[in-house]
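In: Need the 3D shape of this:
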Amino acid sequence: MVDVKLIYFAWVRERIGRNEEEIFPPAAVVTVADLARWLAGRGEEYANAFADPDVVRAAIDRRHVQPGAPIAGAREIAFFPPMTGG
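Out: Have a look, this model is predicted:
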């Protein structure tokens, strides 16, 4: 897999301690859910951010996606908590 830019928003960003980063996920990481699990194994801050993967939402190249969405070809993947209106 080529490098992909990850962007973190709201409490996901706060828990990880960074706004964004570029990564080279292993070949076995093929979906958003795989990526979240792989990130959770990168350290305590990531484990805290992805402790409940059903809560964290994702977007690939600025389009909201489900956890099973493939990440192949993605240039940017964003992770964020559920949004509420007001």
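In: okay, CA-based contacts and neighbour counts for the rest of this
Out: Fine.
In: where along this protein do the helices fall?
Out: For the chain, helices defined by DSSP state H occupy the ranges 10-16, 32-40, 44-49.
In: any chance of these in a markdown table, plus distance to residue 81 and mean pLDDT?
Out: Listed next are the helices of the chain as a markdown table, based on distance: least, CA to CA, whole Å; pLDDT from 0 to 100:
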| stretch | distance to residue 81 | mean pLDDT |
| --- | --- | --- |
| helix 10-16 | 7 | 96 |
| helix 32-40 | 13 | 97 |
| helix 44-49 | 10 | 97 |
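In: Dump those helices into CSV; add distance to residue 78 and mean neighbour count as well.
Out: Below are the helices of the chain laid out as CSV (distance: least, CA to CA, whole Å; neighbours: other CA atoms under 10 Å):
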stretch, distance to residue 78, mean neighbour count
helix 10-16, 10, 17
helix 32-40, 10, 19
helix 44-49, 13, 18
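In: Nearest to residue 77, out of the ones you listed?
Out: helix 32-40 (8.6 Å; CA to CA).
In: helices and strands around that closest one, which ones?
Out: Under the contact criterion of 3 or more CA pairs under 8 Å, 6 or more residues apart in numbering; DSSP states H and E, helix 32-40 touches helix 44-49.
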